[in-house]
Each structure stands twice: as structure tokens, then as C-alpha cells.
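K.L.:
Structure, please.
(4 chains)
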There are 2 protein chains.
Amino acid sequence: MTSFERPTLVRDGVYDHLRRAVLDGDIAPGERLGEVELGAQLGVSRTPIREALMRLTQDGLLIAEANKGVRVRTVTADEARDTYVVREELDGLAAALCAHQHSPADAQTLRGALSALQRAPSSDYREQTRLDLAFHRAITAATHNAALADLNRDLEQRVALIKHQTRTYNAHPQTDAQHAAILDAILARDADAARQAARTHVRTFAALVLQNLALPITPEKQA
Amino acid sequence: MTSFERPTLVRDGVYDHLRRAVLDGDIAPGERLGEVELGAQLGVSRTPIREALMRLTQDGLLIAEANKGVRVRTVTADEARDTYVVREELDGLAAALCAHQHSPADAQTLRGALSALQRAPSSDYREQTRLDLAFHRAITAATHNAALADLNRDLEQRVALIKHQTRTYNAHPQTDAQHAAILDAILARDADAARQAARTHVRTFAALVLQNLALPITPEKQA
DNA sequence: ATTGTGGATACTGTATACAATTTCTGTGGT
DNA sequence: ACCACAGAAATTGTATACAGTATCCACAAT
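P.N.:
Okay, the predicted model is just below:
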């Protein structure tokens, strides 16, 4: 009976809650997050709220202005392009390393993650986004490289934010085939092919997103 | 007269101070950082201390255990190796992008940073480390890629921590030549050469560091 | 009518007070 | 002498109080 209880720190709960809210798009981009309001809403004091907001700010999901609080970050076309340039490189590296390093257990996890993603109903954005993220994280995890995992986690979150703001969801015709190509190369332990497949996947998606970012999003409500 | 005053936030001051202290090795690896003690020492309350500690924790410089405070992170050989694997990739990317993107002003900055580094007295570890970091940051900055700058800043810090813990300082015989090779390739706008030069530089240094990490550092004091 | 100024309001930034968990210490038992 | 347990001290986690700054609105002057 060694430590079953969850030491649920309040700030961690707040962090998870807000992170999910931002990533799911429940809070609009640019929207302001007041500390007292959030505190009242969640039933906790300002202290854990502040700490969660700071973490999210460093994650790049929020923007803080001095004495003016934090807002959900709005991503410019330039920032999105920059992000995908880096993501292409790191995702390629992850796939290559994964091809070399993955264990039998990793292989099983990877297969499971992909098939779960493929079975997801194409209508459910949220679930699809989550499973897509899970698949990519499984690849990262199978590299057994903590530094890469950390950085990729950051990038994943920023990409998720971009996807929401551009309303670009995971379904494009080649997605399934590209995911399969990545997994096949990994399982075949062909590092170069895996890297190329991952890079191609990122590039394809980046093109879609940037296309959506070019034409300004319709401002749907003006309060 | 637009905004000359510095809005020096206390927590930012604390953050910079502690970050410098950890990166300069003024605080020993594994050493515990008490909130009240730091507060008394710096003459501020626990609140900004806590916020600075949290940021440093997310930067990867400190390790936090629930209800037990934070300690300066000690890096294992595996973690160091992982870090350098990623750094090689991202530094290579930065050099390649820099070769493409740099402006005349960037070129001037780069030249200045390198010559300053070369002129630094080889006896002054701290100054040399700072100038080395400045040179690499100049390259990153010249890519004009904010996402890459963010990630590389994280990696730089972790590498600086590793250097201190292994007592591996910047002077190895090939350093000067390698730095020059990187800059030359960049200025010649030869992206592939720049990438290769940067990767080689990282690999050379990583080998040195890992060699030092293999043999355990002498535990100098046992309190 | 418009613009500038003053005050009121609301919020962030910092400090402090309280609660809960951990660690240390001392005592008692074996 | 060593281990176990209980209490005390210290430290983190959370809540609240106070201070400083920015925003908003009304009102007056041009």
C-alpha cells in the first residue's frame, strides 16, 4: 500500500483545468483571464490561480502584460510559421530516434494509439485532436529522451493553440496515410524514412494551417 | 518621452538573481532553496520568491518535490546525453536558418560577438561562458524565429547547468576554429555547411562533457 | 460637440497570516 | 546500544490583507 492517494495540489488542478480549457478552445483567443473571477469560479484563492497562470504563460499559451493580467495568446502568421519550422525538425528527430530506440512494449503502444486515432469519429474534433496528440506523444515517449519530450510537449501545446485559432482540425485526406507511413517506418527501424515521413506530415499540415491563417478569421462576435 | 522608467517587478529581479546564481554555480547542485531563507536574504516576501522558483523549475534548473521545496537540479549522464542530442539538432537548424535569414546588421553583431569571445581571457570561466552563450544567442536571434529562440534559450540554460556540474568549461583546442567555421559558413550563406559546423561543434563539446560525467564528481563536502 | 482632467473603481503585485504536511528530536522500551 | 513512537519545530501550500497602478466615467472647459 505505498502511496495510492493523489496528493492533488490545488494549483496543479487549476493548471490542468485552465490548460484544458485553453487547448479545447473553451476560452476565446485574446480573452482576458481575471484572477479574482477565476478564483470565485473555481472556489479557490488567488494564490494557486496566479501560479497556474504563470506556468501557462511560460508554456506560451497565455500572454502576460505588466499590471494588466494575462490573455489567451493570439498567434500571428509569422509565429505559426516559425513554430512549424521547429516542429518539423523536432518531430523528424523524434521519429528517427524512435525508430532506433523503441522497445516491443513501445511498439504495442504505438500501434494502439494509431488505431484508436483511426477509429475516432471524424465529427468529434476534440476527441480527434486528443488522440492525434496522444499518437505523437507516444512517438516522443518511445524515444526515451527526456529533453526531447519536454521540448516537444511545449511545441505540441502551441500547435494545438494554433489549430484552434485557425479552426484547422486534423482531418485532411492524407492524414491517415501519413500517420501509417510514420509508424511503418518506425516499426521497420528505418530511421531516415521515419524522419522523412514525420517531416512531410508536419509540412502538409503546416501548409493547411498557414492557408487558414492568411485569410483573416471571421470575427464572429463583438460582445 | 515614451516610457523610460523601468517597471522593475520584484519577482523578475528575484528570478534573474537566482538564475544567475544557479548558472554561475554559486549554489551547489542538489542544494536546497528555502523560501523563507531566500526571502530574508533578499529582503522580500515569500510571494515573489515562490513565483521565481516556479519559473526556474519549469526552466529545468530546479527540481520541485511536493511539500519538500526545491533543489538545484543534478543532471545524470543520461539526461546530459539526451540534452546534447536535441541541442545538436536545434543548433544545426539555427545555424542553417541563420545562414539564410541574417541581415547585414545581424552579420555585424555576429562578428562582434565572436571577436569578443576570442578576446576573452582564458582564465575567466564566467566571462568566457557568458560570451560563448552570447555568440550562440546571436546566431539564434539572427534566425528571426521566435519559437526557435524560446526552445534554444531553454536548452542553453540546461547546458550551462551541465557544464557547471561537470566543471567542463569552454576551452578545448578546437573551439576557436569551430566557432570560426560556423560563422564563416553563415556569412557565406552556406546553410548546409553552417548546419554541419554547428553540429560538429556540439558533438565535440558533448563528448568532453560526457567524459567528465562518466567519472563521478568528487563529493567535496558532506556537511 | 469635443477634449482634457479628476476621481472612483477594479485589478495586479506584494506582504502577511493561517493550515497542513514533513522532518527532526527526545524519550521510552526492548 | 538500537529501534519505535510521540511531540515539537520548521517548511511548504493556501488564503487573505494591503499597496500601487491602470482603466473607466463623469464633468468641466474650450
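K.L.:
how far is stretch A:193-210 from where the chain is centred?
P.N.:
In this view, stretch A:193-210 has its centroid 15 Å away from the chain centroid, taken as Cα atoms, centre = their mean, to the nearest Å.
K.L.:
So it, near chain B or not?
P.N.:
No: using Cβ under 8 Å from any Cβ of the partner chain, stretch A:193-210 never reaches chain B; the gap is at least 10.5 Å. Backbone N, C-alpha and C define where each C-beta goes, glycine included.
K.L.:
Quick check: buried residues in that stretch?
P.N.:
For stretch A:193-210, a neighbour-count test (16 or more other Cβ atoms under 10 Å in any protein chain shown) marks A:193-202, A:205-206, A:208-210 as buried.
K.L.:
Take those and keep only those in helices.
P.N.:
A:193-202, A:205-206, A:208-210 (DSSP state H).
K.L.:
Determine which two of these are furthest apart.
P.N.:
Based on Cβ to Cβ, the longest span within these runs between A:193 and A:210 and measures 25.8 Å.
K.L.:
I'd like to know how many residues surround the residue lying closest to residue A:94 once chain neighbours are set aside.
P.N.:
Nearest in space to residue A:94, with sequence neighbours left out and distances taken as Cβ to Cβ, 6 or more residues apart in numbering or on different chains, is residue A:140 at 5.0 Å. Using other Cβ atoms under 10 Å in any protein chain shown, residue A:140 has 24 other residues around it.
K.L.:
Helix or strand next in line after the host helix or strand of residue A:140, which one?
P.N.:
Assessed by DSSP states H and E, residue A:140 sits inside helix A:125-142. Moving toward the C-terminus from helix A:125-142, the next helix or strand (DSSP H and E) is helix A:146-166.
K.L.:
now for that next one, which elements pack on it?
P.N.:
Judged by 3 or more Cβ pairs under 8 Å, 6 or more residues apart in numbering or on different chains; DSSP states H and E, helix A:146-166 is in contact with helix A:10-23, helix A:77-101, helix A:125-142, helix A:191-214, helix B:77-101, helix B:146-166.
K.L.:
avg pLDDT for that helix?
P.N.:
Averaging pLDDT along helix A:146-166 gives 92.
K.L.:
one step back: for the helix holding residue A:140, give me every contacting residue.
P.N.:
Residues outside helix A:125-142 that contact it (Cβ atoms under 8 Å, 6 or more residues apart in numbering or on different chains): A:24, A:91, A:94-95, A:98, A:101-103, A:106, A:109-110, A:113-114, A:116-117, A:120-122, A:148-149, A:152-153, A:156, A:160, A:163, A:169-171, A:179, A:182, A:186, A:198.
K.L.:
which of those are buried?
P.N.:
A:91, A:94-95, A:98, A:102, A:106, A:109-110, A:113-114, A:117, A:120, A:148-149, A:152, A:156, A:160, A:163, A:169-170, A:179, A:182, A:186, A:198.
K.L.:
circling back to that earlier point, now render the helices and strands packed on helix A:146-166 as CSV, adding distance to DNA strand D.
P.N.:
As requested, these are exported to CSV (distance: least, Cβ to the nearest atom of the strand, whole Å):
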stretch, distance to DNA strand D
helix A:10-23, 3
helix A:77-101, 23
helix A:125-142, 26
helix A:191-214, 27
helix B:77-101, 23
helix B:146-166, 20
